[in-house]
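Novice: I need the structure of the sequence given here:
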Amino acid sequence: MRIKYHKRFEKRFKKLSPSLKDKTVLAVRKFIKDPFDKTLGNHPLAGKLQGKRAFSVTGNIRIVFEEYDSYILVIMIDVGSHPQVYGD
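Specialist: Model (predicted):
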């Protein structure tokens, strides 16, 4: 699996607290080992984010991503709270 990070992801990641940064890094590592690890809750998105997927870092922090060629390439698009990434 090859991971790329969108500028939006990088910008929001920098604004996370040190604790949330650590949890995000751990979640991404877990995702790389097994994108469908049940603790991540990997799921497809609907509406304006249709075609993208998301997984959980914590109860409220999500990572939105796009996957290509059965997870050969993954682009991490956004990270943040539920309202930040989903636009609630």
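Novice: now name the helix or strand holding the one residue sitting closest to the centre of the chain.
Specialist: In the chain, the centroid-proximal residue (Cα atoms, centre = their mean) is residue 63; its distance is 2.0 Å. Here residue 63 is covered by strand 61-68, with elements defined by DSSP states H and E.
Novice: buried set for that strand?
Specialist: When burial is assessed from 16 or more other Cβ atoms under 10 Å, strand 61-68 yields the following buried residues: 61-65, 67. Every residue, glycine included, has its C-beta placed from N, CA and C.
Novice: could these go into a markdown table alongside distance to residue 14?
Specialist: A markdown table is the format used below for these (distance: Cβ to Cβ, whole Å):
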| residue | distance to residue 14 |
| --- | --- |
| 61 | 14 |
| 62 | 17 |
| 63 | 15 |
| 64 | 17 |
| 65 | 18 |
| 67 | 24 |
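Novice: contacting residues for residue 6?
Specialist: Residue 6 is in contact with 75-78, counting by Cβ atoms under 8 Å, 6 or more residues apart in numbering.
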